[in-house]
Structures are given as C-alpha cells and as structure tokens.
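> any chance you could fold what I've pasted below:
(chains A and B)
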Amino acid sequence: MPDQPSSGEHNLDPGTEGMTRRSFLRTSAVFGTGLAALAAGLSPLLDIENFPSLQEFMQKYYKELTPEEMKKVLERIEREVEKQYGIRPHVRDLKPLDGVEFVYCLNLTRCIGCRKCVHACVAENNQSRNPEIQYIRVLQMENGSFDTEKAVHDYNPEKVPEKGHFYMPVQCQQCKNPPCVKVCPVHATWQEPDGITVIDYNWCIGCRYCEAACPYWARRFNFTKPEIPKDRLNPEMDYLSNRPRSQGVMEKCHFCLQRTRAGRYPACVEVCPTGTRKFGNILDPNSEVSYILKNKRVFLQLKEELGTSPRFFYYFDV
Amino acid sequence: MTTAIRNYCVFLVRCARVAFVGDWRYYAWMGALTVFCLLGLNAYCRQFAHGLVTTGMSDQVSWGVYIANFTFLVGVAAAAVMMVIPVYIYDNEELHDLVIFGELLAVAAIFMCLAFVTVDLGRPDRFWHLIPGIGQLNFPASMLSWDVIVLNGYLLLNVHICGYLLYSRYQGKKPAKWFYIPFVFIAILWAVSIHTVTAFLYVGLGGRPFWNQAIIGPRFLASAFTAGPALIILALQVIRHVTKYRITDKALLTLRAIVQVSMIINVFLLLCEVFTEFYAGGLHIASSKYLYLGLHGYHKLVPWIWTAVTFNLTAMVLLVLPVSRSLKWLNLTCVLCITGIWIEKGMGLVIPGFIPTPLGQIVEYFPTLNETLVCFGIWAFGLLCYTIFLRMAVPILQGELSKSNERGELPGTVLH
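Prediction:
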C-alpha cells in the first residue's frame, strides 16, 4: 500500500511519477499508523519477566548431553533457582541403579482417604501452589462399585473414612507400555531402565498430546508460571524430577526419583499413616513388593484391558 | 540462468504490487481483515506472556477450540483434491481452470492449520525440537510427528503446483507436464493422508473411548469432502462477482454433486456411530451422552451439537432436492454444511473426548474471549492470504498480468 499513488485508476506505474508532497505525507501516515498498530498489538510481550537465556534456548536434548555439559546445565539451573527463590539448591542428575525396577503396591483395604500423600508429594516435589498442581488424586468410591464415574473427587468431610466408601488414590502408573511416551512428538518423555517415566522439562514443547493419551489422568500441565512460596522450596532437587518447572511444560509423578534413586522411599510412602503404600524393587525377591505380589490373593492393575501394563498394583487384604 | 532468476524476481515483485492495488471494496475488506489479524496477534501475545491460563483449557480438558479449528481446517485443505480428481482423472473441462483456486485455498488452509497448532503449544519457542536433524522428531511412533511431516509436505506440493502453473501462464508458456502432473497425483494421495493422519491422532488413543473408533477416519474424509467443496463453491461465486473471471454455473453444479454425495455418506456414518454407541450402551458411552444429551446435569455442548445435526440434516435434504440447483439455495446449503461440520468436527469431536476424564471427573470447557480473539485472528490471517493469492492469480489467469506486458500497465482495473 505505501508506495501506491493515490488514485490507482489513472496512474499507470508508480515508478514513472515523482513522489508528490501529498502522497509522501499520505504514505507516511499509512505507514506510521500501521507500525503503531503493530506495536500496540505486540505490547503484551512487555509483561514477560524472564526470557529464556540463550543457553537455555539452545540446550541440547537430555540424552545427548555429555557429563561436562550436564554439569554446566545443573550449575545454570542452580543459579536460576537461586536468583528466583533466594535459596541455593542442590540439583543432581541421579542415574537409574543397575538391577532395580521400581514397583508400587497400594492396599485398598487400608486407605482412609486422608490425602496426606497428596500434601507430602506437593511439598517434596515443588509443585505449583497457585495454580494448584497435584500428582495424586484420591477418589472416594462407592462400596461395591469400581465405576470411577460415580467417584467423588472433591470430598471434604470433617472426618475420614466415611461409611459406605472406599478410597482409591491414583497417580502415574509408570506403565511398561506407556501411551504418553509413544505419542510425544519430540521424545521429551521416556521410560528409564528402572521403570520410571520421566520428562525433560527443557525439551517439552507443551503440546499436551501425552495428557490426552494418558488413561490415568496422571499428567499435569503448567498453564501459567508456577508459584511456590520461597520458604516452602525443597532445595534437594534432581534434573528429571522436582526442580522447579517453567510455564508451558508437562510434569507428573516420577516416584520421587531424587529420593528413590538414593535409597529412600517416595514421600507419599513415607507419610502414609496407615501403611497403605508399599514401594520397592521387584527384581529383588526379598523386597516387600515381591512378597505382596507373590502372596496377596487379589491384586489388580487399573484399566488392565488397555494393555498399558502398569507398575502400580492395587491389592486387598483378603 | 541469471535472466531466469531476474525474470522470476520481476514476476514476484509484480505479483506483490498487485496485492496492494484494488478498488475501495478491496481496501475495506483487506483493512478489516488486518484489524482482526492485529487483534488476534495482540491476544496471542497476551497468551504468550501469561501462558495458556488465558484460555478455557484445563488439565481435564486439555485441548480446546484451537485444536478443533485445526481439525476442521485440515479437512478444508484436504478437500482441494475433490476438484483435482475430476479434472486430472476424469478430464472434466468445466473445473479445469478452477482447480488452482481450490489448491490456493488448500495453501491458505494449511497456513491456518500451522498457526492453530503453534498457538496451542505451551513452548512455541522450542518448535525447533520438531525439526529432524537438529531436534528429536519422534517418527514414526508419534502420530503428531506424522502430522508435522504430511502437513508441511502437502503445503510444499500445493505451493509448487500452483506456483508453477501460474508462473507458466504468466510467461505465456505451456507448463511442462512432467514437472507438475506427477506432483498432482502425489498430492491426491497426500490429501487423503493429511486427513487420515489427523484422524489417527485421535483414533490412536486407547484411553479415550470416544475417539478410539475406526469410524472416525472415514467420517473425517466424508465431512471434509462436504465442507471443503462447499467453501470452494462460495469462494468461486465471490470471485465471479468481484472479478471478470468467467466461472460457469455448470462448474458450481459439479461441485454441488460432490457436496451432495459426501454429505449423504457423512450423515450415514454419523448414524452408524450413534447406533453403535447408544444401542449397545455400557460405560463407554459417557462422552457421547455428554455430547448429545448431557451428563449428570452438565450439558454445555448439547445445544451446539443439535444445531450441527439440524444444519447437516437440512443441508442433506436441500442437496437431494432439485431446489439446490438454484444458486441462492445452493449458497444457503453450503453455509449450513460448513457451519454444521465446523461444529461437529471441531468442538463436537474434540471436547467430548475429554469429558468425563479417564478418572470420571466432569469439567466443562468454554473458550475465553482471549482464545476466541486468537481464533478470529488466525481465520482473518487465512482469509487475508487467500484474498492475496486470488488477487494475484486472477489477473495472471486472465492474461492481464503477464510477461508480455511487463513494461506496461499494472492491472489495477481488474476489479470493476
């Protein structure tokens, strides 16, 4: 538009006519208005607080980082967390242990629905408090029915358990055949040799296809910048697990790998007051989970018919 | 060689100039579209800064109106093939010169598709992770990686075919068959593939019974071949109205026949789906129940889907009756088809897949104003692109913009 003469019908070619003062003013006015409109359109970008640094933008895929590069990345993350939260964290990159495959067993007879696991998980894993992100969802189920459509998600009585109900906590089932890993277009989520499905928060593009694919509703998305109070930050962090996430990426339960790969129990297991939650190495014949799977008469995997083969087993005391 | 490049550059510059010339209606239309583009850009910048919290989406309903529009537009893009098949396989004369308008529509539709997926990303700055070689494209396991490949491939194919045919016409040369006919046939198969792959995005999810059905793929094709040609019928009439380009009624009626058959198949497949879901019953029908009847007191989508069903059925009746041979009625029918399918295949397909969640929770979805503005912006951008393409293509096809008049008059008077 700018270099066109005022009346298109009569002028043959804009190049043949010298620019008059009037057309110059007109062109500048049109051009100026356009630029102003564009600037106004782009103005919300000024709200962005921390643009990703060039190193962060260019960072390589987790599996391609050399140990030295990883060291630098971890140091950078420590600096970034310190800048934002005022606490110097300890960020590690713990590798899976040889001869270990983690399995979770949950005793439905014992769970009383107190949600202590939910809170312990949030505290341990630096989940956003606003908006709230939680990896564990406890369902209040009607006695005699396994239909989750009848489950209550937001039950809130004075005292649990309530009569006529049982409680079923659901979190990432760490499937052997995980649909979320298959659908990820960029390999940002994968299954580790110890059975934990992890996410590289620096590689995820935020398409949420994994969230649509998960049959257990175990994945969460950071719809905005997560908020964690400074005094609540857990400084013991791992690259693939509980370091603070950024806006626009997925996260999920990772069996507290910052703890479990260092020989500790997940936070939810440790906090459970009823002994509902059991966790261990299925490759070790003397582990508690091996005992449960060998000796308990009834155990089940959620939505077994989908062929996802969860490493998360529900059992009853019968 | 240098002359060839110079000639091509002159061609591009002249085309670009033409895009800025027109009568007051052209300026008004383009101005209005630009305003909507800027509003959309502004809304998107807000989303980019604050995150997808500016949309109505949640962890429960994690895809919304962006992916809905994306799905619909892939269909529109694929439908260009419905004009190509009669021309190149059955040698239909009436449609011959019109194919290019269909293919240009496909290009504009793919632009919109790519924009809709991009705005749906949480981290668009990391798009390069998708690029094979420097990124980590999960091919062939992820259907989304297939979609990235087929959509971009289809874009390249159509840009090549349109660009080559138009440039040949501009030069006054007969296009070399070997340089475009093979691509036309590849594009025909490719068009089917883009829509099938998009259907498989949904169908491949075992945890979502509403999508995990073989009929989704065929229904996608049937509905695409209804809505796409319907859109082309309307576009051709606009072209006929505002330019001197001759488009025969017979050509429009050939397209009507395509819309007619596709709509009948589409309604039939819908019937098959509804029967299978509701007759057998069981727990898996919760999503369908939510869509058509409402579930446990939640029924935001019910009026939407019944609007779509009514539109589609009315359109089918009109298409079967001879009354739709009159252009006035045909236009109404096309509008009904497009709206009906946009609802049915957009929100009507995407949202119920998430309701209830795999854990039985019901959280409803409704797009926010910001999200809606982004959608309007992308549609305006697509229409802007399509208008510019047509503004360049029409004078070339009519010989008003050609190499022979390189030194002469700008075809500013094509519009009347």
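> quick check: residues of the stretch 201-350 of chain B near chain A?
B:201, B:204-208, B:283, B:286 (CB under 8 Å from any CB of the partner chain). Where you see a C-beta, it was placed from the backbone N, CA and C, and this is true even at glycine.
> recalculate using a threshold of 6 Å.
B:205-207 (CB under 6 Å from any CB of the partner chain).
> ok, and the closest non-adjacent residue to the residue in the stretch 301-416 of chain B positioned nearest to chain A?
Nearest residue of the stretch 301-416 of chain B to chain A (CB to the nearest CB) works out as residue B:360 at 3.5 Å. Closest residue to residue B:360 apart from its sequence neighbours, by CB to CB, 6 or more residues apart in numbering or on different chains: residue A:148 at 3.5 Å.
> can you give me the neighbour number for that neighbour?
Here the number of neighbours of residue A:148 (other CB atoms under 10 Å in any protein chain shown) works out to 21.
> can you pull the pLDDT of it?
In this model, residue A:148 is scored at 90, pLDDT.
> what sits against whichever residue of the stretch 1-150 of chain B sits closest to chain A?
Nearest to chain A, among the residues of the stretch 1-150 of chain B, is residue B:122, at 2.0 Å (CB to the nearest CB). Contact analysis of residue B:122 by CB atoms under 6 Å, 6 or more residues apart in numbering or on different chains lists A:206, A:248.
> isn't there a strand covering it?
No: Residue B:122 is assigned coil when assessed by DSSP: H, G, I helix; E, B strand; the rest coil, not a strand.
> what is the least confident helix or strand in chain A?
Lowest on mean pLDDT, DSSP states H and E among the helices and strands of chain A sits strand A:299-300, with a mean of 80.
> what is the neighbour count of residue A:233?
18.
> any idea how far the nearest residue to it once chain neighbours are set aside is from residue A:225?
The shortest distance from residue A:233 to any non-neighbouring residue, by CB to CB, 6+ apart, is to residue A:85 (5.1 Å). Using CB to CB, to the nearest Å, residue A:85 is found at 13 Å from residue A:225.
> list the contacts of the closest residue to chain B within the stretch 151-300 of chain A.
Going by CB to the nearest CB, chain B is nearest to residue A:206 of the stretch 151-300 of chain A, at 2.0 Å. Contact analysis of residue A:206 by CB under 6 Å, 6+ apart lists A:248-249, B:121-123.
> try it again with 8 Å
Residues near residue A:206 by CB atoms under 8 Å, 6 or more residues apart in numbering or on different chains: A:221, A:248-250, B:52, B:121-123, B:126.
> just the buried residues from those, in PyMOL please.
Of the contacts of residue A:206, the buried ones go into a single PyMOL selection, burial set by 16 or more other CB atoms under 10 Å in any protein chain shown:
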select buried, (chain A and resi 221+248+249+250) or (chain B and resi 52+121+122+123+126)
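> in TSV: the contacts of residue A:206, plus distance to residue A:140.
Below are the contacts of residue A:206 laid out as TSV (distance: CB to CB, whole Å):
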residue	distance to residue A:140
A:221	25
A:248	32
A:249	31
A:250	27
B:52	30
B:121	36
B:122	31
B:123	36
B:126	39
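> returning to that earlier point: C-alpha coordinates for the following helix or strand past the least confident helix or strand of chain A, CSV please?
Using DSSP states H and E, the next helix or strand after strand A:299-300 towards the C-terminus is strand A:312-315. What follows is strand A:312-315, C-alpha atoms only, in CSV (Å, rounded to 0.1, in the frame of the first residue of the first chain):
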residue,chain,number,x,y,z
PHE,A,312,1.3,-49.8,40.1
PHE,A,313,-0.7,-52.6,41.7
TYR,A,314,-3.8,-52.3,43.9
TYR,A,315,-4.5,-55.1,46.3
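> average pLDDT across strand A:312-315?
Rounded mean pLDDT across strand A:312-315 is 95.
> burial check on residue 291, number of neighbours?
Just so you know, I chose chain A. 14.
> oops, I was thinking of chain B
27.
> is it in a helix, a strand, or coil?
Per three-state DSSP, residue B:291 ends up helix.
> from residue B:224, how far off is it?
20 Å.
> can you check residue A:67 too?
Distance from residue A:67 to residue B:224, by CB to CB: 50 Å.
> and whichever residue of the stretch 151-300 of chain B sits closest to chain A, what does it touch?
Relative to chain A, the nearest point of the stretch 151-300 of chain B is residue B:207 (2.8 Å; CB to the nearest CB). Taking CB under 8 Å, 6+ apart, we find residue B:207 in contact with A:179, A:213-216, A:303, A:306, B:358.
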